[in-house]
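Trainee: Sequence plus the predicted model coming up.
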Amino acid sequence: MPTPDLTPFSLDGRVALVTGSSTGLGKAMAIALGRAGARVALNYHHNTARAEAAFAEFRAAGGEGMLARGDVTSESDVPRLIADIAASLGPVDILVVNATPDQPHKPIEAYDWAFYQQMLDFFVKSPVLLSKACLPHMKLQHWGRIINIGSEVVARGVPNFTAYVAAKGGQNGFHRGLATEVAGWGITVNMICPGWIPVERHANDPKEEKDGYRALIPADRWGLPQDLAGAVVFLASDSASFVTGQNLHVNGGMTVH
């Protein structure tokens with residue numbers, strides 16, 4: 001009998017990029033991928049001090065990689081970003097599309113089109129630009145992982161949040177279409193859909209909103225950034241080679257239906 005693979009989730013020899021990984025969910029996923037053996041590029045755009053602190057935490061957890069500054073919504077900056085990572089770590093094998101702007105809750109009358117456009121830039125334009133930049137290498141080696149970070153809000157139809165919900169819905173459609181388009185090259189395209197997991201940018205959110213959401217979670221606890229670790233490592237690994245076009249909800253049962 002063949003010897004069983006004792007490290008089915010090993011990412012040794014792989015290079016990963018996690019966009020928006022100087023804080024919150026992105027930082028946790030970057031650390032998880034590094035612990036699984038990948039060399040990881042932690043991406044940020046503006047806050048260098050915060051990014052350096054995140055990278056120090058990543059290195060303290062045993063990770064190997066680099067800080068990669070770049071605007072993931074820029075048609076000129078994305079190819080440069082991917083080239084810089086390739087020059088330092090090697091071409092990107094695992095792309096985790098996570099970067100996000102602020103997401104204020106407002107009634108539709110309070111949003112202007114510029115805000116909708118910002119949401120679309122982060123959640124539709126950025127995944128398109130990043131995927132196009134990474135796909136040539138992935139197709140050449142007949143192996144690749146593209147993991148979009150979505151949200152439960154599309155399934156739940158959260159009110160006073162139309163700009164974010166619409167853009168995340170567009171990202172969902174993009175990843176599903178791309179999954180079938182590139183499956184023949186051994187490339188998988190999946191989406192992790194977290195629930196509301198409080199991170200740094202939620203520090204000033206109204207307590208009544210937090211309490212109201214927390215009371216609805218079937219698992220009876222808040223989600224933690226580390227709860228995404230197993231999901232992202234699984235989808236990035238060879239163990240998920242026949243899983244593509246899927247939405248994996250990580251939200252304690254909030255979207256069971």
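Mentor: Arrived safely.
Trainee: any low-confidence regions in the protein?
Mentor: 1-6, 201-204, 257 (pLDDT under 70).
Trainee: Select the longest helix from it.
Mentor: helix 162-182 (DSSP state H).
Trainee: ok, now which ones touch His175?
Mentor: Residues near His175 by Cβ atoms under 8 Å, 6 or more residues apart in numbering: Pro127, Ile146, Asn148, Gly150, Val189, Asn190, Met191, Gly245. Every residue, glycine included, has its C-beta placed from N, CA and C.
Trainee: ok, now Leu42?
Mentor: Counted by Cβ under 8 Å, 6+ apart, Leu42 has contacts 18, 21-22, 26-27, 30, 51, 54-55, 58, 65-68.
Trainee: Do you have the helices of the stretch 151-257 of the chain handy? List them.
Mentor: 153-156, 162-182, 207-214, 229-236 (DSSP state H, counting those that start in this stretch).
Trainee: List of residues touching the shortest one?
Mentor: Meaning helix 153-156. With Cβ under 8 Å, 6+ apart, helix 153-156 has contacts from Phe161, Tyr164, Val165, Lys168, Gly169, Asn172, Cys193, His249, Met254, Thr255, His257.
Trainee: okay if I get these as a markdown table plus neighbour count?
Mentor: Shown next, in a markdown table, are the contacts of helix 153-156 (neighbours: other Cβ atoms under 10 Å):
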| residue | neighbour count |
| --- | --- |
| Phe161 | 20 |
| Tyr164 | 25 |
| Val165 | 20 |
| Lys168 | 28 |
| Gly169 | 18 |
| Asn172 | 20 |
| Cys193 | 23 |
| His249 | 19 |
| Met254 | 21 |
| Thr255 | 15 |
| His257 | 5 |
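Trainee: Return the member of these nearest to Gly37.
Mentor: Comparing these against Gly37 with Cβ to Cβ picks out Cys193 as the nearest, at 25.5 Å.
Trainee: That closest one contacts Gly169, doesn't it?
Mentor: No. The criterion here is Cβ atoms under 8 Å, and Cys193 misses it with Gly169 at 11.4 Å.
Trainee: Which elements pack onto the host helix or strand of Leu81?
Mentor: Assigned by DSSP states H and E, Leu81 belongs to helix 77-88. If contacts are counted by 3 or more Cβ pairs under 8 Å, 6 or more residues apart in numbering; DSSP states H and E, helix 77-88 sits against strand 15-18, strand 39-44, strand 64-69, helix 126-141.
Trainee: Name the residues of the helix or strand following it that are buried.
Mentor: As assigned by DSSP H and E, the chain's next helix or strand after helix 77-88 is strand 94-97. Across strand 94-97, burial judged by 16 or more other Cβ atoms under 10 Å covers Ile94, Leu95, Val96, Val97.
Trainee: Export the residues you listed to CSV and append columns for distance to Trp185.
Mentor: What follows is the buried residues of strand 94-97, written out as CSV (distance: Cβ to Cβ, whole Å):
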residue, distance to Trp185
Ile94, 15
Leu95, 14
Val96, 19
Val97, 18
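Trainee: Now flag whichever of those residues is closest to Ala219.
Mentor: Nearest member of the buried residues of strand 94-97 to Ala219, counting by Cβ to Cβ, is Val96, at 23.8 Å.
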